[in-house]
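>>> got a predicted structure plus its sequence, pasted below:
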Amino acid sequence: MKNSPINFLLTLFVSSFIVLGCSNDDEQPTTNPEEEQQEELEEEEEEEEEQEQEESTIEITVEDFSGVIDENEESATSLGTVTATTNEGNLAFSITSQIPEDAVAINSETGELTIANANAFDYETNTSITGVIKAMVGTTSETLDFTITINDVQDAELEITSSNTFSVEENSANGTIIGTITAITDSSLEVSYTLETVSLSEAITIDASTGVITVVNADKIDFETVQNITATVKVTLGDLNDTQDITISIIDIVEPISVTTFAGSTEGYVDGDISVATFDRPTGMAMDNQGNIYVTEYGNHTVRKITPEGMVSTLAGGFNGYQDGTGTAARLFRPSDIIMGNDGYLYVADTWNNRIRKISLSGEVTTVAGSTGGYAEGTGTNAKFDKPSGLSMDSNGNIYVADLENQRIRKIDPNGLVSTLAGGTNGYDDGTGSAAQFKDPTGIAITSNNELLVTDYYGRTVRKVTLNGVVTTWAGSGISGSFDRTRLNSSFGTPNGIAIDIQGDVLVSCATHDNIRKISITADEVTTVAGMSNTSAGQSGDIDGIASEARFYEPAGMLVAPDGTIYVADYENHKIRVIK
């Protein structure tokens with residue numbers, strides 16, 4: 001087929017297009033490698049600039065932290081939160097250093113500080129905790145200092161460390177140091193000392209700042225009165241305190257017993273101060289709870305009263321005779337003994353009236369039992385006595401009477417019924433009830449074992465009488481004399497008054513040998529307390545001084561005061577003497 005002009009043109013156009021297309025591909029321009037590297041560096045620099053620009057926009061603001069906390073708080077206790085802010089991102093916290101180490105911890109997200117080691121928070125160990133904290137966002141960080149001040153809380157240790165036993169010699173002078181209470185504490189504050197309780201009031205004191213215990217009343221530090229003092233000591237430090245019970249033993253110092261005149265001078269009847277008061281043959285004595293002493297007077301037919309202040313007055317009587325009444329309106333006749341009853345009344349052996357009288361502390365006198373002289377059982381005035389001379393009372397209110405001329409020990413029950421416990425004839429025999437014999441029983445006392453001890457005047461012995469009426473010889477050989485030996489081998493002249501001292505030993509006055517003897521209940525021996533000893537004949541006199549050199553004149557009744565002082569009715573010297 002022949003090409004037409006049109007086909008020819010079309011073929012020519014297509015060929016030209018193809019040629020032109022191929023020529024264009026082959027002729028593309030190539031890139032310079034150096035230019036490419038330059039471009040890459042420029043791009044990296046732009047990126048770094050952009051990153052640096054982004055990083056420089058993070059800001060962190062912090063403040064130094066300070067806090068205060070009491071010592072000895074528990075672990076995990078919050079100490080507060082640090083102040084730190086940032087304009088972008090979240091802060092992270094950490095402790096870079098602290099003194100002491102590991103004392104506190106921090107919450108990395110919140111910045112809250114807490115106690116990590118409670119032992120570090122002791123004021124006596126550390127007064128403060130210090131350190132450095134870092135706050136960070138990314139690579140940006142700031143540091144702050146922290147200080148935690150520890151308060152000293154008065155929970156300091158306080159403990160008494162001194163001994164709880166001390167000793168002091170009796171009769172030590174005021175101001176004598178007994179000992180010192182010591183205490184340990186880890187506080188810088190001072191402790192104070194007080195005596196909370198003391199068994200012997202006003203005897204000792206303690207220095208509030210030093211804890212030194214001293215004697216404040218030397219008269220009370222007496223072994224014969226009390227052998228030890230107990231007290232409670234309190235040591236105080238702020239709100240803290242510690243107490244300790246202590247015992248102070250009183251050391252017995254062997255010291256000479258002395259005899260002095262307490263009241264009276266020449267025979268007479270004068271009331272007033274003890275320096276001027278006079279007596280006439282005092283016989284018995286008793287003491288009430290207030291320390292008043294009551295004295296029966298054989299010669300003045302009275303009951304006299306001596307106050308602790310030393311004033312002498314007449315409680316009842318003043319003329320011989322028999323009359324109930326009050327004060328000087330009442331009549332007594334040669335009273336021989338007096339006791340303080342359990343009921344608060346005085347009871348008197350009204351010897352020559354052959355009656356037992358009852359006297360109130362206001363001086364009202366009534367008759368308990370007895371009438372005319374003789375012997376009769378019965379109630380009240382239906383009963384009869386013959387020269388009753390000694391009295392004692394048991395805890396049930398029964399009164400026991402040494403009925404001298406009847407040679408009997410009589411009993412008066414609280415209803416006034418009089419009966420015979422033992423005796424009935426003149427003699428020396430031991431036995432039960434009426435089989436027993438006495439030879440002028442004079443004084444009578446009751447022991448803590450509820451046994452009666454009776455001075456058998458002309459029997460020259462001390463007899464024991466049980467409450468069942470069994471009579472035995474308790475001390476003395478029955479031979480006249482004044483020799484100190486064992487209880488049953490010793491001798492007495494005419495044992496008269498009798499009393500029991502605070503140790504439970506028995507005191508006996510001897511009228512003919514003019515001395516005071518003691519019968520020990522533990523050592524089984526008789527010794528002479530005051531006056532001449534170991535003699536076959538007495539030596540009367542009126543001499544104060546060391547007991548062995550002192551002299552009496554027919555000593556009668558005795559009284560032992562709660563402090564151990566012995567009062568003696570010195571019959572023919574018309575005085576009240578004191579043995580101490």
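All right, it came through fine.
>>> run through the bridge partners of the residue nearest the centre of the chain.
With distances taken as CA atoms, centre = their mean, the residue of the chain nearest its centroid is A231 (2.8 Å). Counting by DSSP bridges, A231 forms beta bridges with V198, I246.
>>> could you do T130 as well?
Assessed by DSSP bridges, T130 has beta-bridge partners I99, T147.
>>> and for the one 4 residues further on?
Partner residues in beta bridges with K134, using DSSP bridges, are S94, T143.
>>> read off the pLDDT value for it.
On the pLDDT scale, K134 is placed at 95.
>>> please apply the same query to E159.
87.
>>> ok, the one 3 residues further on next?
Reading off the per-residue confidence, S162 sits at a pLDDT of 92.
>>> go on, E55?
Looking at E55, the pLDDT reads 52.
>>> same check on E224?
Per the predicted model, pLDDT is 80 at E224.
>>> same check, this time on L9
Per-residue confidence (pLDDT) for L9: 42.
>>> check A183 too.
89.
>>> check the one 5 residues further on too.
According to the model's per-residue confidence, S188 sits at a pLDDT of 72.
>>> coming back round to it: mind listing what the residue nearest to the centre of the chain touches?
195-199, 204, 245-246, 248 (CB atoms under 8 Å, 6 or more residues apart in numbering). Yep, even glycine has a C-beta here, placed from its N, CA and C like the rest.
>>> just the closest of these to V506, please.
S199 (27.6 Å; CB to CB).
>>> which residue sits closest to that closest one in space, ignoring its chain neighbours?
T230 (4.4 Å; CB to CB, 6 or more residues apart in numbering).
>>> what about that neighbour, how many neighbours?
12 (other CB atoms under 10 Å).
>>> and it, how far from I248?
8 Å (CB to CB, to the nearest Å).
>>> follow-up on the earlier one: the residue nearest to S199 reaches I246, doesn't it?
Yes - under the criterion of CB atoms under 8 Å, T230 lies in contact with I246, with a separation of 7.2 Å.
>>> which residues in the stretch 51-200 of the chain form strands?
Using DSSP state E, counting those that start in this stretch, the strands of the stretch 51-200 of the chain run over residues 60-62, 65-70, 78-81, 84-86, 92-99, 104-106, 112-115, 128-137, 140-151, 158-160, 165-169, 177-180, 183-185, 192-198.
>>> which one of those lies nearest to A263?
Taking CB to CB, strand 165-169 is the member of the strands of the stretch 51-200 of the chain nearest to A263, at 30.7 Å.
>>> how about residues contacting that closest one?
176, 178-179, 213, 215, 221, 246-251, 253.
>>> buried ones among those residues?
By neighbour count, with 16 or more other CB atoms under 10 Å, the contacts of strand 165-169 hold 176, 178-179, 213, 215, 221, 246, 248, 250 as buried.
>>> of those, which pair is most distant in space?
So, the buried ones among the contacts of strand 165-169 by CB to CB: farthest apart are T176 and I246, at 16.2 Å.
>>> list the contacts for T528?
482, 484, 515-518, 534, 548.
>>> JSON lines for those, including pLDDT?
Conversion of these to JSON lines gives the following (pLDDT from 0 to 100):
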{"residue": "S482", "pLDDT": "96"}
{"residue": "D484", "pLDDT": "97"}
{"residue": "N515", "pLDDT": "98"}
{"residue": "I516", "pLDDT": "98"}
{"residue": "R517", "pLDDT": "98"}
{"residue": "K518", "pLDDT": "98"}
{"residue": "N534", "pLDDT": "93"}
{"residue": "S548", "pLDDT": "93"}
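>>> among these, which one lies nearest to V506?
V506 has its nearest neighbour among the contacts of T528 in K518, at 7.0 Å by CB to CB.
>>> hey, what's the closest one bridged with?
According to DSSP bridges, beta-bridge pairing links K518 with L507, T527.
>>> can you report how many residues lie near it?
Residues near K518, counting by other CB under 10 Å: 20.
>>> from memory it sits against V529, does it?
Yes - the criterion here is CB under 8 Å, and K518 meets it with V529 at 4.9 Å.
>>> overlap of the contact sets of these two?
The contact sets of K518 and V529 overlap at L507 (CB under 8 Å, 6+ apart).
>>> related to what we said a few turns ago, save the contacts of T528 as a markdown table, and put in distance to E36 and secondary structure too.
A markdown table is the format used below for the contacts of T528 (distance: CB to CB, whole Å; DSSP: H, G, I helix; E, B strand; the rest coil):
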| residue | distance to E36 | secondary structure |
| --- | --- | --- |
| S482 | 148 | strand |
| D484 | 142 | coil |
| N515 | 145 | strand |
| I516 | 141 | strand |
| R517 | 142 | strand |
| K518 | 136 | strand |
| N534 | 146 | coil |
| S548 | 140 | helix |
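>>> residues near L189, how many?
Count around L189 with other CB under 10 Å applied: 12.
>>> that one contacts T236, correct?
No - between L189 and T236 there is no contact under CB under 8 Å: 10.2 Å.
>>> which residues touch whatever helix or strand T420 lives in?
For T420, the host element (DSSP states H and E) is strand 417-423. By CB under 8 Å, 6+ apart, the residues outside strand 417-423 that reach it are 369-370, 377-379, 383, 400, 403, 406-413, 431-434, 436-438, 441, 452, 465, 467, 469-471.
>>> how about a cut-off of 6 Å?
Applying CB atoms under 6 Å, 6 or more residues apart in numbering, the contact partners of strand 417-423 are 369, 377, 379, 383, 407-412, 433, 436, 438, 465, 469, 471.
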